[in-house]
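[1] I would like the atomic coordinates for the input below:
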Amino acid sequence: MTIPVEVPGLDTIIPTLDEGNMLVVESGADPAKSFFVRRLGLTAIREEIPVTFVTSRDRAELLSQLELESPDAPWREGDLTVVEEDSLTETNGYGATGGFLAVDSFSFLTLDLPGARLARLLRGLRGLSHEKRTIVLLATDRGMADPRSEAVVNHLADGVLQFHAREGPEGVVRFLRIPKWIDGRFFDRNIYYQFDGSRIAVDLRRRVL
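    Have a look, this model is predicted:
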C-alpha cells in the first residue's frame, strides 16, 4: 500500500508514502502543512485506502475543507473517519485496521504529556504502523512544544518533512527541508515552494537563504 505524493517536483524526491511508517510533517504558522496532509488523505481515499483524521480543531470545519478540496470525488461510507479530540494520551485504536492515519495537530493534542509518556505514545503509534502496515502521519507545530519534546518526536519518527517560511526582500520565501527519511536517507538542501491556498508548486533549483 502506497500513497502517491502528488506535488510536482517533490514527487521526484519522495514519490510515495509507503505502508508501515510513522512520518512527521512539521511547520510554523504556514497553512501549507495542513493542506499537504489533507491532500494526502484525499489521494488515499481515491486509492481506496481507508483514512482516519484525528483533529484538534473542529470536525465539521475539516470535513468542509475536504469537501471543498475534492468536489468531484465524494467519499463513501467507511472511506473516511474524522475524530475531534482535545488531547491524545493513548493510541485509542486509531489506525489499528491499517490504512492512513493523520493526526493534526499532534503537538497540540500532546501538549501536556511529559517526555516519558510522549515517548510511550509515539512507540505505540510506531509499533502500530509496523504491525498493521498503517501509514501514520503526525502534523506538528514548530515552537508549540518544548525543544526536548520536539526532539523526541523527530527521533522516533521514520521520516521528517519540514515546511519553512521566512520573510525575504521580495516577500515570504517558503522552502522544505527533509532532515530525515526512511532507511536513513536525508536531503541536504532547501526545496523552494510556493503555496496559493489551493496548490503547492515546488522548484528544485538550489537556493541560498
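[2] look up how far residue 125 lies from residue 203.
    Note on residue 203: its distance to residue 125, by Cβ to Cβ, to the nearest Å, is 33 Å. From N, CA and C alone the C-beta is placed, and that goes for glycine too.
[3] so between the two, which is more surrounded?
    Legend: neighbour count by other Cβ atoms under 10 Å for residue 203 and residue 125, higher for residue 125 (24 against 13).
[4] does that one touch residue 90 like I think?
    No - with contacts counted by Cβ atoms under 8 Å, residue 125 stays clear of residue 90, the gap being 9.9 Å.
[5] next one, pLDDT for the residue of the chain positioned farthest from its centre please.
    Distance from the C-alpha centroid of the chain, by Cα atoms, centre = their mean, peaks at residue 169 (29.6 Å). As predicted, residue 169 sits at a pLDDT of 76.
[6] also residue 125?
    Residue 125 is assigned 96 on the pLDDT scale.
[7] cool, and residue 205?
    69.
[8] ok, residue 154 touching residue 23?
    No - if you go by Cβ under 8 Å, residue 154 and residue 23 don't touch, sitting 10.7 Å apart.
[9] when the two are compared, which one has more neighbours?
    A direct count of neighbours by other Cβ under 10 Å for residue 154 and residue 23 places residue 23 higher, at 23 against 16.
[10] which element is the residue nearest to residue 203 when sequence neighbours are not counted on?
    Distances taken as Cβ to Cβ, 6 or more residues apart in numbering put residue 192 closest to residue 203, at 4.5 Å, once the chain neighbours are dropped. Taking DSSP states H and E as the criterion, residue 192 maps to strand 187-195.
[11] partner strands of that strand and their direction?
    In the sheet containing strand 187-195, its partner strands are strand 171-180 (antiparallel), strand 200-203 (antiparallel), by DSSP bridges.
[12] buried residues, it. List them.
    Across strand 187-195, burial judged by 16 or more other Cβ atoms under 10 Å covers 190, 191, 192, 193, 195.
[13] likewise for stretch 97-106?
    98, 99, 100, 101, 102, 103, 104, 105, 106.
[14] that older thread, greatest separation within the buried residues of strand 187-195: which pair is it?
    190 and 195 (15.2 Å; Cβ to Cβ).
[15] and which of the buried residues of strand 187-195 is nearest to residue 38?
    Nearest to residue 38 among the buried residues of strand 187-195, with distances taken as Cβ to Cβ, is residue 195, at 12.8 Å.
[16] touching, that closest one and residue 175? I think so.
    No - look at residue 195 against residue 175 with Cβ under 8 Å: they stay out of range, at 11.2 Å.
[17] figure out how far the lengthiest helix in the chain is from the centre of its chain.
    Using DSSP state H to assign secondary structure, the helix with the most residues in the chain is helix 115-132. Helix 115-132 sits 16 Å away from the centroid of its parent chain (Cα atoms, centre = their mean, to the nearest Å).
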